[in-house]
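Enquirer: here are the coordinates; sequence isn't available:
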Ligand code: FUL
């Protein structure tokens, strides 16, 4: 009898509990990341998409690309220099970071360094009281534009070059000036290039990098081998059609031509997050030359698709002229470039479609549905399939109109890279016909359709292979009126 009473009490207790406390629904959590991951500064850098490079110095006045180091500071006199015009040009082009050559290979310093007399201080410009770095910072910051600096390790002027300790100390002293006098510096550029006959000398990169991080905690350090941003391996502005932000830093060294292909593609097995930056000039040369003019809009767009559209950042050089201004034709071309990008990507035809996916993490209302691919957050809201969905992850967009369907020639896919870069292979079909056979995606993958404009009702994206589950933060179907693929190879 006691046993029966006891059981009845237990049943009653459980019933009471379930009536009083409704069953707790667990909110689905984000999936585990796949390492390596970007740092906060690297994520911010990637979102900039386009950065402006400014090559300016004595070469601007001598019509050369590499100065000898024997130029007289007396030739530097940009009488109309207006850094506000540079910053306005950047701002109108939607650019949020400008990187200036504070010192190029010729050793001439655009700021009054106390460690050399080879600087603006000995030039007629502003009667020797000028400071280009300062003027750039003052023009950029109020417009919400950040500043980065290039300080060439190869110095053809300074006599300490070739004397290892003395030169490394000199270089570190200049780094300290640049990174402590001008407020926040968001990127520092260590160019590994030097002439074949340059004296043999080691650079103390480890010391330099530590000093940089000590003085600027949210800076990104660029060099061939990072540690935060890597070179893409060429100066044409083209990343590999497969491009991983991951790579093995131990396989990299600075100024080593044999790794250019590795830099161009990255490495799916890489243990370091080290995304690539594509540096290219709007003109043929890095410095301004009277005989040169800006690249055509179609060329700039091709560069955009092959850099930003391949998971990289585009570092576009726009050289000021001897007056100290960005030439009108370059300003104009940059405006056209920005309005073309805006025109192409401001309309997303996928928004007019119904979407189906292979599965969704946490079911309906779980927070990882396909609607996340059409919102404005291209990083932290994303579609995720179910943990147990092994292969054949897919997304399908179906035109809801009764007309002839969608008309587009560009497909955009973005991964939620905050949780790692994952996708290795993907294919895209329009009404059952394959139009893209692609590999990596990363922050942004843009496919310009080699066959031209597509009219279709059903667009299906299949993720063939990935490191873990694919997480997709955004998808776009766009129309690019500037794309005429006659004779162009398919991507
Ligand atoms: C190269 C340099 O030699 C060029 O002059 C230019 O600065 C380019 C961005 O990097 O290595």
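Expert: Cool, got the structure. Bear in mind that the values here come from a model prediction, so they are computed numbers and not experimental data. Residues are numbered from 1 along each chain as shown.
Enquirer: Look at the closest residue to the ligand within the stretch 51-200 of the chain and report its pLDDT.
Expert: Nearest residue of the stretch 51-200 of the chain to the ligand (CB to the nearest ligand atom) works out as residue 193 at 3.0 Å. Every residue, glycine included, has its C-beta placed from N, CA and C. pLDDT recorded at residue 193 is 94.
Enquirer: got the contact list for it?
Expert: Residue 193 sits next to 105, 154, 255 when contact means CB atoms under 8 Å, 6 or more residues apart in numbering.
Enquirer: domains in the protein, as residue ranges please.
Expert: The chain is divided into the following domains under automatic domain parsing: 40-345, 349-478.
Enquirer: how far does the shortest one sit from the chain's center?
Expert: Translated: domain 349-478. When distances are taken as CA atoms, centre = their mean, to the nearest Å, domain 349-478 is centred 21 Å away from the chain's centroid.
Enquirer: Doesn't the residue of the stretch 51-200 of the chain closest to the ligand lie inside a strand?
Expert: No. Per DSSP: H, G, I helix; E, B strand; the rest coil, residue 193 lies outside any strand segment and is coil.
Enquirer: if I look at it, how far off is residue 290?
Expert: From residue 193 across to residue 290, the span is 25 Å (CB to CB, to the nearest Å).
Enquirer: Confirm that residue 60 sits in a strand.
Expert: No. Residue 60 sits outside any strand when classified using three-state DSSP, being helix.
Enquirer: Quick check: it touching residue 290?
Expert: No. Using CB atoms under 8 Å, residue 60 makes no contact with residue 290, being 10.7 Å away.
Enquirer: list residues touching both of the two?
Expert: By CB under 8 Å, 6+ apart, residue 60 and residue 290 have no common neighbours.
Enquirer: Residues of the protein that sit close to the ligand?
Expert: 65, 191, 193, 279, 286 (CB under 6 Å from any ligand atom).
Enquirer: For the protein, just list every one of the helices.
Expert: Using DSSP state H, the helices of the chain run over residues 2-20, 40-48, 59-62, 83-92, 132-140, 164-181, 205-215, 260-265, 297-307, 328-345.
Enquirer: Restricted to buried residues, select the contacts of residue 193 in ChimeraX.
Expert: To isolate the buried members of these in ChimeraX, using 16 or more other CB atoms under 10 Å:
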select :105,154
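Enquirer: Name the nearest of the contacts of residue 193 relative to residue 471.
Expert: Nearest to residue 471, judged by CB to CB, of these is residue 255 at 36.5 Å.
Enquirer: you'd agree that closest one is up against residue 192?
Expert: Yes. Proximity of residue 255 to residue 192 meets the contact threshold set by CB under 8 Å, at 3.6 Å.
Enquirer: Which neighbours do these two have in common?
Expert: In contact with both residue 255 and residue 192: residue 224, using CB under 8 Å, 6+ apart.
Enquirer: Let me see the contact set for residue 73.
Expert: Contacts of residue 73 by CB under 8 Å, 6+ apart are 58, 108, 117, 118, 119, 120, 121, 122, 123.
Enquirer: which of those residues are buried?
Expert: Here, 16+ other CB under 10 Å leaves 58, 108, 118, 119, 120, 121, 122, 123 buried among the contacts of residue 73.
Enquirer: which two in these are spaced the farthest apart?
Expert: Top of the distance list for the buried ones among the contacts of residue 73 (CB to CB): 58 and 121, 13.9 Å.
Enquirer: How about the residue most central in space within the chain, nearest residue that isn't a chain neighbour?
Expert: By CA atoms, centre = their mean, the mean C-alpha position of the chain lies nearest to residue 313, the distance being 2.4 Å. The shortest distance from residue 313 to any non-neighbouring residue, by CB to CB, 6 or more residues apart in numbering, is to residue 277 (5.1 Å).
Enquirer: ranges for the strands of the stretch 301-450 of the chain?
Expert: Assigned strands in the stretch 301-450 of the chain, in chain order: 313-317, 353-357, 393-399, 406-408, 410-415, 423-430, 433-438, 445-448 (criterion: DSSP state E, counting those that start in this stretch).
Enquirer: make that the stretch 151-300 of the chain, sorry
Expert: Per DSSP E, counting those that start in this stretch, the stretch 151-300 of the chain carries strands over the ranges 187-189, 220-223, 229-231, 246-247, 272-273, 276-281.
Enquirer: which residues of this protein score low on pLDDT?
Expert: Counting by pLDDT under 70, the chain contains low-confidence ranges at 1-24, 402, 486-491.
Enquirer: if I pick residue 370, what's in contact with it?
Expert: 355, 356, 357, 360, 383, 395.
Enquirer: List the contacts of the residue lying closest to the last one once chain neighbours are set aside.
Expert: Spelled out, it's residue 395. Among residues not flanking residue 395 along the chain, residue 461 sits closest, at 4.8 Å (CB to CB, 6+ apart). Neighbour list for residue 461: 394, 395, 396, 411, 413, 426, 427, 428, 475 [criterion: CB under 8 Å, 6+ apart].
Enquirer: cool, and residue 345?
Expert: 412, 476, 478.
Enquirer: you'd agree the last one is up against residue 344?
Expert: Yes. The criterion here is CB under 8 Å, and residue 478 meets it with residue 344 at 5.4 Å.
Enquirer: which neighbours do these two share?
Expert: residue 410.
Enquirer: Looking at the two, which is more packed in?
Expert: Applying other CB atoms under 10 Å to residue 478 and residue 344 shows that residue 344 carries more neighbours, namely 23 against 20.
Enquirer: of the buried ones among the contacts of residue 73, closest to residue 85?
Expert: residue 120 (18.6 Å).
Enquirer: Now do the phi/psi pair for the residue nearest to the closest one when sequence neighbours are not counted.
Expert: Closest residue to residue 120 apart from its sequence neighbours, by CB to CB, 6+ apart: residue 130 at 4.9 Å. Per-residue torsions, residue 130: phi -80, psi 160 (degrees, to the nearest 10).
Enquirer: What distance do you get for residue 130 to residue 243?
Expert: Counting by CB to CB - residue 130 and residue 243 are separated by 41 Å.
Enquirer: Specify which residue of those two has the higher count of neighbours.
Expert: More crowded of residue 130 and residue 243, by other CB under 10 Å: residue 243, with 27 against 22.
Enquirer: As a markdown table, the strands of the stretch 301-450 of the chain with distance to residue 169 would be great.
Expert: Shown next, in a markdown table, are these (distance: least, CB to CB, whole Å):
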| stretch | distance to residue 169 |
| --- | --- |
| strand 313-317 | 29 |
| strand 353-357 | 59 |
| strand 393-399 | 55 |
| strand 406-408 | 57 |
| strand 410-415 | 44 |
| strand 423-430 | 46 |
| strand 433-438 | 49 |
| strand 445-448 | 45 |
